[in-house]
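K.L.:
Got a sequence here, can you model it:
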Amino acid sequence: MNQEETKIEKYTFGFWVYLMTDLMMFAALFAVYAVLHGNTAGGPGASALFSLPNALTETLILLTSSFACGLALLAARSGKKNLTIAGFAATFLLGISFLSLELREFSHLIAGGTAPQASGFLSAFFTLVGTHGLHIAAGLLWMFVAMVQVRVKGISPFTLSKLERLALFWHFLDLVWIFIFTTVYLFGVGV
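P.N.:
Down below sits the predicted model:
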């Protein structure tokens, strides 16, 4: 095994460790939400606040972005630089769309007087969903930098390993969102 392969293996292992710590953090946030979801302090609960069509739209956008990310990674593995960039650009635009819908939901809730400090339920909701949104924003920044690197440097084995970790991160966020959609939105509106 050469030095570059050893470096790639170390980075990949370190990234898996990071993902596991992120998974534990999200598990704790889900536990907090589960405990506090009924603590509305006399204010509105999930069924009165959430729009299932909006949450479903966000879900479909994020699932589509995950598909585009997968296609981008397949293109990268085939050494197709322009298709790789196009796939990640599509993923990026879908991620921006998702994030803008989430921010719109947050601003609508806050403008309606249901800010995080209004109840334990809202604190848990904004923390869980907001943490996911921050991860999406970080993923978008990472994706932008990765697209620039592919454009400038091309696709080397080391660049490909970075793209694989990026795709893994993006799919992880998609999986977390599926749990958020199910736990917060579907169960929240009583489906």
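K.L.:
Relative to the whole chain's centre, how far out is the helix-or-strand element of the chain with minimal mean pLDDT?
P.N.:
Least confident helix or strand, the chain: helix 46-49 with a mean of 90, by mean pLDDT, DSSP states H and E. The chain centre lies 23 Å from the centre of helix 46-49; the measure is CA atoms, centre = their mean, to the nearest Å.
K.L.:
Quick one: list the elements packing against the next helix-or-strand element following it.
P.N.:
Once helix 46-49 ends, the next helix or strand along the chain (criterion: DSSP states H and E) is helix 52-77. With contacts taken as 3 or more CB pairs under 8 Å, 6 or more residues apart in numbering; DSSP states H and E, helix 52-77 sits against helix 81-111, helix 157-180. In this view, the C-beta of every residue, glycine as well, is placed from N, C-alpha and C.
K.L.:
If we use 10 Å, what do you get?
P.N.:
Here helix 52-77 touches helix 81-111, helix 120-153, helix 157-180, going by 3 or more CB pairs under 10 Å, 6 or more residues apart in numbering; DSSP states H and E.
K.L.:
Could you measure from the closest residue to G133 other than its chain neighbours over to A90?
P.N.:
Nearest residue to G133, sequence neighbours excluded (CB to CB, 6 or more residues apart in numbering): E102, at 5.1 Å. E102 sits 19 Å away from A90, going by CB to CB, to the nearest Å.
K.L.:
neighbour count winner among the two?
P.N.:
Between E102 and A90, E102 has the larger neighbour count (other CB atoms under 10 Å), namely 21 against 17.
K.L.:
Could I get the contacting residues of the more buried one?
P.N.:
Going by CB atoms under 10 Å, 6 or more residues apart in numbering, E102 touches N54, A55, E58, L62, V129, G130, H132, G133, I136, A137, W177.
K.L.:
try 7 Å
P.N.:
E58, V129, G133 (CB atoms under 7 Å, 6 or more residues apart in numbering).
K.L.:
for those residues, which one is nearest P157?
P.N.:
G133 (32.8 Å; CB to CB).
K.L.:
ok, the closest one to L175 distance?
P.N.:
15 Å.
K.L.:
In stretch 51-62, which residues are buried?
P.N.:
Within stretch 51-62, the residues that qualify as buried by neighbour count (16 or more other CB atoms under 10 Å) are A55, E58, T59, I61, L62.
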